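Student: For reference, the sequence and a predicted model appear below.
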Number of protein chains: 2
Amino acid sequence: MVRHSFDKELEQLHDLMVKMAGLVEESIENSILALKRQDIDLARKVYESDDEVDELEGRIEKICINLIARQQPLAKDLRTISTALKIITDMERIADHAADIAELTIRMADMKYIKPLVDIPLMAELAKKMVIRSIDSYIKQDIDLARDVCSSDDEVDDLFSKIVLELINIMKNNPETVEQATDFMFIVKYLERIGDHATNIAEWVVFNVTGSHGHLARKTE
Amino acid sequence: MVRHSFDKELEQLHDLMVKMAGLVEESIENSILALKRQDIDLARKVYESDDEVDELEGRIEKICINLIARQQPLAKDLRTISTALKIITDMERIADHAADIAELTIRMADMKYIKPLVDIPLMAELAKKMVIRSIDSYIKQDIDLARDVCSSDDEVDDLFSKIVLELINIMKNNPETVEQATDFMFIVKYLERIGDHATNIAEWVVFNVTGSHGHLARKTE
């Protein structure tokens, strides 16, 4: 009976995490859509939904802590809840970065872009997919999917390096592009960080299932 | 008696947090020293101590979770432990950013710098002080000190804007500086983030003491 009630609470916890993941996913999508369309209203929406994500994080955190305190779960369940606590921190940072992108979008809203946006939306799409799949791997406790997420971070990193090089060349050839190129530089940095956070989430899933945390070796660029 | 053992465990927890804060503080200091001196060995040391910080974070986290599960603490104590869980996440990210700076330092180790480093070390010093004082405010449960940390983030942000503008001007006037200026741009961004994380820590302290979390309003740059 106790077990049954614990499982039910865990299920509710996971429902909230899926809800949070949905919001985060939408934020990434909208932040890039707003950037492409130079749509200030949509950028503001991303900004506002960051508060909703923060609030949800606080709620989930409280549920986790209370679940641990009241139910005194055994080792495996304890690990699952600690993992949830780590995952929501990463999700919250992802939403923060979407809001960071929205902030720069608002700043650049009345400027003509120095280049057509092709690779940046592609990078955002990849990063968003990583986030969706990392949460999916947690819910399904799917270690293969989690490992797959970790390896797709390389693609995001490659795009990051490619875009940074391109921006450097644009700046060198047209010094008047420097301000805007700098903003784009930060935007791709945020996207790269989103990929890192999705990787963190996937690594927590591996830890949760196997009990050991194999941090991917830090890459020297 | 139960209370006594709880207090003792809490004290041990706080000792480990102070140890972690010491490592993080050293990492910030060394990362900027390595940058100034173009000292690859010191930069590598920062890099390596990041693993130590990660390991310590994992240990502290386990202690927190077990403390909650075994002792079933009451509301106020539960909040103190949840706060510890949040704080170590921010500390770990700070160490990550110091390692990020070390990575760029290694990349620039054999280049002549495009400008003398004055404001960047100043910014690092301010950010480091924020980190030290934010942890201090947690240990002492000193809400005034915590609020003070939050307000000194403005100084760090001002320096960030100042340095970014300066770098933009350097790039515009000397296109050949673009690569290195971009690296410096990321370095000051990491320092700005370190200030943000110290602010987070201080905000958690305010939450812990007062029970309500007043996120500082997000600034539109």
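Tutor: Yes, it's here.

Student: ok now do the nearest residue to A:I40 once chain neighbours are set aside, which residues does it touch?
Tutor: Spatial nearest neighbour of A:I40, excluding adjacent residues (Cβ to Cβ, 6 or more residues apart in numbering or on different chains): A:A109 at 5.0 Å. All C-beta spots, glycine's among them, are computed from the backbone N, C-alpha and C. Applying Cβ atoms under 8 Å, 6 or more residues apart in numbering or on different chains, we find A:A109 in contact with A:38-40, A:43.

Student: Now the two most distant members of the residues you listed.
Tutor: A:Q38 and A:A43 (8.7 Å; Cβ to Cβ).

Student: Comparing those two, which shows the higher neighbour count?
Tutor: Taking other Cβ atoms under 10 Å in any protein chain shown, A:Q38 and A:A43 do not tie; A:A43 has more neighbours (26 against 16).

Student: what residues do A:Q38 and A:A43 have in common as contacts?
Tutor: Joint contacts of A:Q38 and A:A43 (Cβ under 8 Å, 6+ apart) are A:105, A:109.

Student: contacting residues for the nearest residue to A:D110 once chain neighbours are set aside?
Tutor: Among residues not flanking A:D110 along the chain, A:Q38 sits closest, at 7.7 Å (Cβ to Cβ, 6+ apart). Neighbouring residues of A:Q38 by Cβ under 8 Å, 6+ apart: A:105, A:108-110.

Student: quick one: which of the residues you listed sit in helices?
Tutor: Counting by DSSP state H, these place A:T105 in helices.

Student: any idea which of the contacts of A:Q38 is the one closest to A:N30?
Tutor: Using Cβ to Cβ, A:T105 comes nearest to A:N30 of the contacts of A:Q38, at 10.0 Å.

Student: Please report the distance of the spatially most central residue of chain A from chain B.
Tutor: The centre of chain A sits closest to A:I94, judged by Cα atoms, centre = their mean, with a distance of 3.5 Å. According to Cβ to the nearest Cβ, to the nearest Å, A:I94 and chain B sit 13 Å apart.

Student: before we move on, which element is that residue in?
Tutor: In this assignment (DSSP states H and E), A:I94 forms part of helix A:75-107.

Student: That helix vs helix B:75-107, what angle?
Tutor: If you take axes from the mean of the first three to the mean of the last three Cα atoms, to 10 degrees, helix A:75-107 sits at 60 degrees to helix B:75-107.

Student: isn't the residue nearest to the centre of chain A right up against A:A198?
Tutor: Yes. Proximity of A:I94 to A:A198 meets the contact threshold set by Cβ atoms under 8 Å, at 7.3 Å.

Student: Find the residues that touch each one of those two.
Tutor: Joint contacts of A:I94 and A:A198 (Cβ under 8 Å, 6+ apart) are A:V131.

Student: returning to what we had before: pLDDT and distance to B:N30 added to the contacts of A:Q38, as a markdown table?
Tutor: Putting the contacts of A:Q38 into a markdown table (pLDDT from 0 to 100; distance: Cβ to Cβ, whole Å) gives the following:
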| residue | pLDDT | distance to B:N30 |
| --- | --- | --- |
| A:T105 | 97 | 36 |
| A:M108 | 95 | 36 |
| A:A109 | 94 | 41 |
| A:D110 | 93 | 43 |
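
Student: What's the ChimeraX syntax to select whichever of the contacts of A:Q38 are buried?
Tutor: Selecting only the buried entries of the contacts of A:Q38 in ChimeraX, with 16 or more other Cβ atoms under 10 Å in any protein chain shown as the criterion:
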select /A:105,108
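
Student: Flag every residue of chain A that's near chain B.
Tutor: Neighbours of chain B within chain A, by Cβ under 8 Å from any Cβ of the partner chain: A:47, A:50, A:54, A:58, A:61, A:65, A:68-70, A:72-73, A:78, A:81-82, A:85-86, A:89, A:99, A:103, A:106-107, A:164, A:167-168, A:171-173, A:175-176, A:178-179, A:182, A:185-186, A:189, A:213, A:215, A:218, A:220-221.

Student: Pretty sure A:H14 sits against A:I139.
Tutor: Yes. The pair A:H14 / A:I139 is scored as a contact, 5.8 Å apart, by Cβ under 8 Å.

Student: And these two? Which one has more around it.
Tutor: Legend: neighbour count by other Cβ under 10 Å for A:H14 and A:I139, higher for A:H14 (16 against 13).

Student: Which residues are in contact with that one?
Tutor: Contact partners of A:H14, counting by Cβ under 8 Å, 6+ apart, are A:84, A:139.

Student: Give the buried residues for the helix or strand hosting it.
Tutor: Using DSSP H and E, the secondary-structure element containing A:H14 is helix A:2-37. The neighbour-count check on helix A:2-37 (16+ other Cβ under 10 Å) flags A:6, A:9-10, A:13-14, A:16-17, A:20-21, A:23-36 as buried.

Student: nearest residue to A:T83 other than its sequence neighbours?
Tutor: Leaving out its chain neighbours, the residue that sits closest to A:T83 by Cβ to Cβ, 6+ apart is A:N208, at 4.1 Å.

Student: how far away is that neighbour from A:R133?
Tutor: To A:R133, A:N208 is 16 Å away according to Cβ to Cβ, to the nearest Å.

Student: for A:K8, same thing?
Tutor: 26 Å.

Student: now A:E26
Tutor: Counting by Cβ to Cβ, the gap from A:E26 to A:R133 is 16 Å.

Student: tilt between the helix or strand hosting A:N169 and helix B:143-173?
Tutor: Element membership for A:N169, per DSSP H and E: helix A:143-173. Angle, helix A:143-173 to helix B:143-173, by the same axes, to 10 degrees: 50 degrees.

Student: Okay, buried residues for helix A:143-173 please.
Tutor: Going by 16+ other Cβ under 10 Å, helix A:143-173 has these buried residues: A:145-147, A:149-150, A:152-153, A:155-157, A:159-160, A:163-164, A:167-168, A:170-172.

Student: Can you report the mean pLDDT over the residues of that helix?
Tutor: Taken as a whole, helix A:143-173 has an average pLDDT of 96.

Student: From the contact counts, what lies against it?
Tutor: If contacts are counted by 3 or more Cβ pairs under 8 Å, 6 or more residues apart in numbering or on different chains; DSSP states H and E, helix A:143-173 sits against helix A:119-140, helix A:178-210, helix B:178-210.

Student: Can I get those helices in JSON lines including distance to B:A127 and mean pLDDT?
Tutor: Shown next, in JSON lines, are the helices and strands packed on helix A:143-173 (distance: least, Cβ to Cβ, whole Å; pLDDT from 0 to 100):
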{"stretch": "helix A:119-140", "distance to B:A127": "27", "mean pLDDT": "95"}
{"stretch": "helix A:178-210", "distance to B:A127": "18", "mean pLDDT": "95"}
{"stretch": "helix B:178-210", "distance to B:A127": "4", "mean pLDDT": "95"}
